[in-house]
Structure formats: structure tokens, C-alpha cells
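> Turn this into a structure:
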Amino acid sequence: MSINSIVIIPTYNEIENVEKMTRALLALQKPFNILFVDDNSPDGTADKIDVLMREFPNRVFLEKRIGKLGLGTAYIHGFKWAIEHNYTFIFEMDCDFSHDPNDLVRLLEACENGADLSIGSRYCKGGKVKNWPLDRILMSYFASIYVRLILCVGIKDTTAGFKCYRSSVLQAINLDNIPFKGYAFQICMKYATIKHGFKVKEIPITFIDRLHGESKMSTGIFKEAFFGVWKMKRMKL
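Numbering: from 1, shown residues only. Predicted coordinates for the structure are as follows:
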């Protein structure tokens, strides 16, 4: 069976989630392969993925990196791997179940029906957030408004990290020219997609805060996004 969809999942200390996520993805009604990009997790995440690769050959893959190099570079590493292996639909997804695996099918269908990038959106009509404190919801929501105003884009959830790309989008973008690691990376990829003239569609999802493991959010990630949007306007993407 030839599978043309790959889900890229960066991991750092996700030992509590990685097996459950793998089994949930491989049980979906449509077939998806999985590429984990692990940043040398000290908790044994990569060792667990090695076991899963033996159980699910040619469905689960692992790229190991030498250290904690950032979310953005992990995705770029995964994008290049997926393009090299001729996947048509390439997904971004968190390992912590804040993104519902079942929503992958709706993101895929949006791209199969004409979108070049589909986004699992918390803030478009029908989207929701659960288990976040009010201050974090407000910060995220108004950050998206700020980005829309600066970059003049119509995307409601500019920092969303649950996405499906057609491979042609990622081949058109100058991935080596994107320096960002956190939310700014997510913003920049959407902005670049629009600048290249591709069609973007937001799909409402319910985002649920992680139940296991630790959040990777930091003040540095927020500052990078806040100031990075101005830099994006001058970049060759």
C-alpha cells in the first residue's frame, strides 16, 4: 500500500505520549505514516520510538538530532525528509494530544478538495480552546490579531501548529531562509504560503491543553514572535 500522507511530530521528553499517539494515528480511517523528529530526549523517547518502528515497519520513522534545536528547525528537517521521500500531503502536529488525531482526516480532506494549506484553527468560527487559563487564551487570541494587522493576512489562528501542506507549498518556500524556532516559525510559514499565492483554508478544531509532560512555552518564544513579524515583511521567503 502506497501512503502519500506523513505526519511530522517533533519530540522532546514525550515518553508519556509517543506510544499512545502512534497507535491513535495508525488506527485512523485514512492511512497516515508518522515521522518523529527527536531532539535527543533524555527521558528515552527515541528508544520507545525505535520499538514502535519495529512493530510498525514502513509506517513509523525517526530522525534523531544531537540536541534541543527548536521546533522550527525540527519541522524544516522533517519537511525536507518528507519531500525527499515523495509524500504529497505533509502534516504538522504536536505529540501531547492538544491536537485531536481524528481531526487529521478533516485537514487532509480540505487539501484533497483544493486547499494548498489547511489549518486546524482555534479562532475561526466553530473553533474552541479547552483547559487553558483565561490569560493564556487572551494572549494567544490577541497575538493573532496583532499578526494579522502587521502582516495583512486574513488567517484567524496565525500561531496554529496543526496543519496540512501540499508538498508543492513546501518546495516553493525557501525553507533555509526561515530562522525562527517557536510561534514565529508558525506565523512565518503561513505568511510565506500566502505570499507565494497558495490557497489557505482554516478548519475549526477544539484545542485541549496537554495532560502529560511539560509545556515548551517560554518568554523567549513569545518575544521571537512579537518582534519577528516585522522581520518577516523584509525576508525573501
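
> Find the centremost residue of this protein, please.
Glu92 (2.8 Å; Cα atoms, centre = their mean).

> how about the nearest residue to that residue, chain neighbours excluded?
With sequence-adjacent residues excluded and distances taken as Cβ to Cβ, 6 or more residues apart in numbering, Glu92 is closest to Lys163, at 4.7 Å. Just so you know, the C-beta spots here come from the backbone N, C-alpha and C atoms, and that holds for glycine as well.

> For that neighbour, list the residues it contacts.
The contact partners of Lys163, by Cβ atoms under 8 Å, 6 or more residues apart in numbering, come to Phe91, Glu92, Leu107, Leu117, Ser118, Ile119, Gly120, Met189.

> Spell out which helix or strand contains Leu52, please.
For Leu52, the element it lies in under DSSP states H and E is helix 45-55.

> Which positions in whatever helix or strand comes next after that helix come out as buried?
Downstream of helix 45-55, the first helix or strand assigned by DSSP H and E is strand 60-64. Neighbour-count burial for strand 60-64, counted by 16 or more other Cβ atoms under 10 Å, picks out Val60, Phe61, Leu62, Glu63.

> can you check stretch 144-163 too?
By neighbour count with 16+ other Cβ under 10 Å, stretch 144-163 contains the buried residues 144, 147, 150-151, 153, 155-163.

> And stretch 119-137, by the same measure?
Using 16+ other Cβ under 10 Å as the test for burial, stretch 119-137 gives Ile119, Gly120, Ser121, Arg122, Tyr123, Cys124, Gly127, Val129, Trp132.

> tell me the helices in this structure, going along the chain?
Along the chain, counting by DSSP state H, helices occupy 18-26, 45-55, 71-84, 103-112, 134-151, 167-172, 183-195, 219-232.

> export those helices to a markdown table and tack on mean pLDDT and distance to Asn33?
Shown next, in a markdown table, are these (pLDDT from 0 to 100; distance: least, Cβ to Cβ, whole Å):
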| stretch | mean pLDDT | distance to Asn33 |
| --- | --- | --- |
| helix 18-26 | 98 | 9 |
| helix 45-55 | 98 | 11 |
| helix 71-84 | 97 | 9 |
| helix 103-112 | 98 | 12 |
| helix 134-151 | 87 | 30 |
| helix 167-172 | 98 | 14 |
| helix 183-195 | 95 | 21 |
| helix 219-232 | 77 | 29 |
